[in-house]
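1. Got a predicted model here, sequence first, then my questions.
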Amino acid sequence: MRRGAKSVLKIAVLAVLLCVLFSLLFLSQQLGDLNHSLRTRIDVLNGLLTQQQAEISGLNEQIARITEATGVAPADATPEAEAENDVSGVWTPAPPRLWTEYRPYQELYPALYAKRSERLFARDKTVYLTFDDGPTIHTARVLDTLKEAGVKATFFIVGSSVARLGEDGKALLRRMADEGHTIGVHCNVHDYERIYASVEAFLDDFNAVFNLIRETTGLQTDLFRFPGGSVNSYNEEIRSELIHEMERRGFTYYDWNASSNDTAAGLTEESAWRNAVSRAGGTKRIILLMHDTKERTVLALPRIIATYKDKGYSFARLTNVDKPIVL
Ligand SMILES: [Zn+2]
């Protein structure tokens, strides 16, 4: 009997051991399956993530292309100070605004190109003296005054004014360049209806004075001022297309935020001075419009310079690294 009981016990123990073994095997298989299914799920999620990252980078490229084509940066990428002329600092200019359609005038004047600056600077407490429409018989005195005061300025030249003075006109351009002033394009013939008749007409006029400056001084200017300012009643119909084209060619244009108003009829030397300094002190960065075609400007200039000096301004000529002031 004892022997029989022992055998039964042995069998029972063996059965229990076998059960435990099978349970362990079963559990391990279940865990293996679970592990496999989790791994598969992780792989699927990783695949989805990669796909979404590719879509995001595709969208970013699309935004960059649209920004380049339109020149309009997404609203949150535009620094707040961008629209503010009265602040010093460094800016990265918007890429040139590209006209997306082909225009035959894009092939005209293949040498009429300039290199745009990749950085723009706005200097604090600086006045840029600018003289339009010359040179004239008054220009030498303007240059004398600037020399005495140790001040550099900018002259936006009219080709027909140079021609009117003959060799003296060319000598004045060379003197401006030699004495460290900036020479920019204004126009060849100061006739709004003619130059703003079409983009082609503007380019034709611009090219003539651009070449005159280069042939006379050896300088290839990269900046200009629109006759009448960039916004005037004569260029309304072609304005947007014209600005696109000039920017495409790499040229930078400057309007003004102060004026001596020296072309107004009957204006005295006193009023020219008063107008020229009316924003001194209140505005940190001033592009001052004057004309070296008027004697009252020549007479008022020493006092204009002295007033800005008294108010703590520095003087600078414009170069295409200076952040434009646009009307
Ligand atoms: Zn003018």
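-> Received it, and whenever you're ready, just let me know what you need.

2. Quick one: the helices in the stretch 51-200 of the chain, in order.
-> Secondary structure of the stretch 51-200 of the chain (DSSP state H, counting those that start in this stretch): helices at 139-149, 159-165, 167-178, 192-195, 199-217.

3. As a check, name the ranges of all strands in the stretch 201-327 of the chain.
-> 223-224, 252-253, 258-259, 285-291, 314-315 (DSSP state E, counting those that start in this stretch).

4. Could you report the neighbour count for Ala197?
-> Residues contacting Ala197 under the criterion other Cβ atoms under 10 Å number 17. Where you see a C-beta, it was placed from the backbone N, CA and C, and this is true even at glycine.

5. nearest spatial neighbour of the most centrally placed residue in the chain, skipping sequence neighbours?
-> When Cα atoms, centre = their mean is applied to the chain, the residue found nearest the centroid is Pro93 (2.8 Å). Among residues not flanking Pro93 along the chain, Leu120 sits closest, at 5.2 Å (Cβ to Cβ, 6 or more residues apart in numbering).

6. Which positions in this structure make contact with the ion?
-> Listed as neighbours of the ion in the chain under the rule Cβ under 5 Å from the ion: 132-133, 227.

7. could these be laid out in TSV, adding distance to Glu236?
-> Compiled in TSV, the residues of the chain next to the ion are given as follows (distance: Cβ to Cβ, whole Å):
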residue	distance to Glu236
Asp132	21
Asp133	22
Pro227	14
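
8. okay, now Leu327: neighbour count?
-> The burial count for Leu327: 11, using other Cβ under 10 Å.

9. Ile243 and Glu101: what is the separation?
-> Here Ile243 is placed at a distance of 15 Å from Glu101 (Cβ to Cβ, to the nearest Å).

10. neighbour count winner among the two?
-> Ranked by neighbour count (other Cβ under 10 Å), Ile243 and Glu101 place Ile243 first, with 21 against 7.

11. Help me confirm that that one comes into contact with Ser230.
-> Yes: contact criterion Cβ atoms under 8 Å: Ile243 and Ser230 qualify, at 6.9 Å.

12. shared neighbours, these two?
-> With contacts taken as Cβ atoms under 8 Å, 6 or more residues apart in numbering, the residues that reach both Ile243 and Ser230 are Tyr253.

13. Pull up the per-residue confidence for Glu118.
-> Looking at Glu118, its pLDDT is 89.

14. Touching, it and Trp91? I think so.
-> No: Glu118 is not in contact with Trp91 according to Cβ under 8 Å; the separation is 10.4 Å.

15. The two: which is more packed in?
-> Legend: neighbour count by other Cβ under 10 Å for Glu118 and Trp91, higher for Trp91 (14 against 9).

16. Name the nearest residue to that one, ignoring sequence neighbours.
-> In space, Trp91 is closest to Leu120, 4.4 Å off (Cβ to Cβ, 6+ apart).

17. Quick check: that neighbour touching Ile325?
-> No: counting by Cβ under 8 Å, Leu120 stays clear of Ile325, with 11.3 Å between them.

18. Phi first, then psi, for the residue of the stretch 201-327 of the chain found nearest the ion.
-> Going by Cβ to the ion, the ion is nearest to Pro227 of the stretch 201-327 of the chain, at 4.7 Å. The phi/psi pair for Pro227 (degrees, to the nearest 10) reads phi -60, psi 130.

19. In contact with it, which residues?
-> Going by Cβ under 8 Å, 6+ apart, Pro227 touches 186-187, 190, 192, 195.

20. farthest-separated two in these?
-> His186 and Tyr192 (12.0 Å; Cβ to Cβ).

21. what about these two, which has more around it?
-> Neighbour totals were compared for His186 and Tyr192, and His186 leads with 23 against 15 (other Cβ under 10 Å).

22. Per-residue pLDDT of the nearest residue to that one once chain neighbours are set aside, please?
-> Nearest residue to His186 in three dimensions, chain neighbours excluded: Phe156, at 3.8 Å (Cβ to Cβ, 6+ apart). pLDDT recorded at Phe156 is 98.

23. Can you tell me who Phe156 pairs with across the strands?
-> In this entry, Phe156 is beta-bridged to Asp132, Gly184, by DSSP bridges.

24. how far away is it from Ala15?
-> Applying Cβ to Cβ, the value for Phe156 to Ala15 is 108 Å.

25. ok, the two, which is more surrounded?
-> Counted by other Cβ under 10 Å, Phe156 and Ala15 do not tie: Phe156 has more neighbours, with 28 against 10.

26. and the more buried one, how far is that from Thr293?
-> Taking Cβ to Cβ, one finds Phe156 at 12 Å from Thr293.

27. sorry, back to before: out of the strands of the stretch 201-327 of the chain, which is the most enclosed?
-> Neighbour counts averaged per stretch over these are highest for strand 285-291, at a mean of 24; criterion: mean count of other Cβ atoms under 10 Å.
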